[in-house]
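Q: sequence first, then the predicted structure:
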Amino acid sequence: MVMDEPVPQGSGARVAAEWSWRRVLPAVRSSLSLSKILIGTVGLLLVRGGLGVLSTAASWPGGAGVELGDLEGLVDRGPLPIPWEAAPLGELSARLGEPMLLIPRLLRFVFESRPGTWQTLAGLVALLWVLLVWGLAGGAIARITLVASAGKGTLGLIGAIRFAVPRLGTLVAAPLEVLLLVALALGGCAGYGLVCWLPFGIGELLGSLFLFLPLLLGLLILLLLAFLAAGWPLLHASIAAETADALDALSRAFGYIRYRLPKFVGMVAIVWAMGVPTLMVVEAVPAAWLRITSWGLALTAPASAGTAPGSLGGAAEPGFHLAAALRAFWLSAPEQLVQGWIYSYTWTSFAIIYLVLRSDVDGTPWSELSGPARSPADRSPPQPPPPPQPEPAPVEPSID
């Protein structure tokens, strides 16, 4: 378990501001926690599985002709060509920003569909599934980071899940409240569209005269979606730190970004600048790992096993479907862990950013967390009391 260093307690504003920027730097090291990577990997697999089911549902009766293949591809990216080929910076940045782009991609999928179609329904179900999975996984990762950053010891994988499960409703409801505001604004636009149907040219006149109203609603929708994309993990960090309700978490996250927008953008830029080269290194590990393993197996294993140098994972002979599935599972494990690290890094970084913004805006110490720091399963068993010491024998007074 990676343990963050406690924040030094200083009284001067200059010291606090200096440490607020420096505290983002350990995000890479903290995100390499095995518990966080496993949570991120399982969450990613659950999201992929759910989107795959929705894509398969397109072939069910009533769903024929609905193109849902893009859903499964939202989080289905292959490994980068590292270290054997140069990977463009844009591709690295896109992979690092994949967690932040999940919701915008799903919303785009919904908005580009024709309203009332199966594609719209599938997109909305996919959005709810993503919010559910990453509400649980993101809340657990954020709690592990917060407990460590507050200097309250370490929180294990089971303890983090036990913390997040009872608060799953709040973790999902916080981003849903933003989407509810988006829906209300869209309803306002739709209501304004009905005005245009008034007869005798009145609707056309009014629709043109007050067109600025739906334009303002559209701007509001854009700002809400931008906040949701930028502050989605910040909502989970707020709930993990304060154990508050969804409305309070939304208010805190929005207020911190609003009052410290330059600092928030600067810290996100630092996180990105650290994450891109780290991703290059992390991506190089499974590529080199598989090549070395392939070369070693090629010394003795048959060519039918796909063990030629550089080709580990080739297709098995027809009829060996179980062997091919098992081989594909093990060969994909290193890359799955790499992608799990990307999600671990995102929620770890935003949990630290939340503590920085909270301390800067509210003056709340880093060590202040609501709820138990560790679950009973993560605490050390109570030590037995020391055995009672025998009382010293009374000393008889001597008579001289």
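A: Now that the structure is in, tell me what you want to look at.
Q: for the rest of this, base every contact and every neighbour count on C-alpha atoms.
A: OK.
Q: pass me the low-pLDDT residue ranges in this structure, would you?
A: Across the chain, the ranges flagged by pLDDT under 70 are 1-21, 57-88, 115-117, 301-321, 323, 371-400.
Q: that one: helices as residue ranges?
A: 13-22, 27-31, 34-56, 69-72, 89-96, 98-111, 118-149, 157-164, 168-195, 202-209, 212-242, 246-259, 261-297, 321-362 (DSSP state H).
Q: was I right to think residue 146 contacts residue 352?
A: Yes - between residue 146 and residue 352 a contact is recorded at 7.2 Å, counting by CA atoms under 8 Å.
Q: ok, back up a step: just the helices of the chain: most buried one?
A: Comparing the helices of the chain by mean neighbour count (mean count of other CA atoms under 10 Å), helix 118-149 comes out on top with a mean of 24.
Q: now that one against helix 157-164, angle please.
A: 120 degrees (axes from the mean of the first three to the mean of the last three CA atoms, to 10 degrees).
Q: and helix 118-149, what does it pack against?
A: Using 3 or more CA pairs under 8 Å, 6 or more residues apart in numbering; DSSP states H and E as the contact test, the elements touching helix 118-149 are helix 34-56, helix 98-111, helix 157-164, helix 168-195, helix 212-242, helix 321-362.
Q: quick one: distance of it to the chain centre.
A: From the chain centre to the centre of helix 118-149 is a distance of 7 Å (CA atoms, centre = their mean, to the nearest Å).
Q: how far away is residue 202 from residue 156?
A: Going from residue 202 to residue 156 by CA to CA, to the nearest Å gives 65 Å.
Q: what does residue 295 give?
A: Taking CA to CA, one finds residue 295 at 37 Å from residue 156.
Q: likewise residue 369?
A: Counting by CA to CA - residue 369 and residue 156 are separated by 17 Å.
Q: any chance of CSV for the helices and strands packed on helix 118-149, columns distance to residue 284?
A: Listed next are the helices and strands packed on helix 118-149 as CSV, based on distance: least, CA to CA, whole Å:
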stretch, distance to residue 284
helix 34-56, 17
helix 98-111, 19
helix 157-164, 27
helix 168-195, 34
helix 212-242, 27
helix 321-362, 10
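Q: and of these, who's closest to residue 134?
A: With respect to residue 134, and counting by CA to CA, the nearest of the helices and strands packed on helix 118-149 is helix 34-56 at 6.5 Å.
Q: could you list every helix and strand in contact with that closest one?
A: Using 3+ CA pairs under 8 Å, 6+ apart, helix 34-56 sits against helix 69-72, helix 118-149, helix 157-164, helix 321-362.
Q: in JSON lines: these, plus distance to residue 220.
A: Converted to JSON lines, the helices and strands packed on helix 34-56 look like this (distance: least, CA to CA, whole Å):
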{"stretch": "helix 69-72", "distance to residue 220": "26"}
{"stretch": "helix 118-149", "distance to residue 220": "20"}
{"stretch": "helix 157-164", "distance to residue 220": "31"}
{"stretch": "helix 321-362", "distance to residue 220": "24"}
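Q: so which of those helices comes closest to residue 253?
A: Nearest to residue 253 among the helices and strands packed on helix 34-56 is helix 321-362 (8.0 Å), distances taken as CA to CA.
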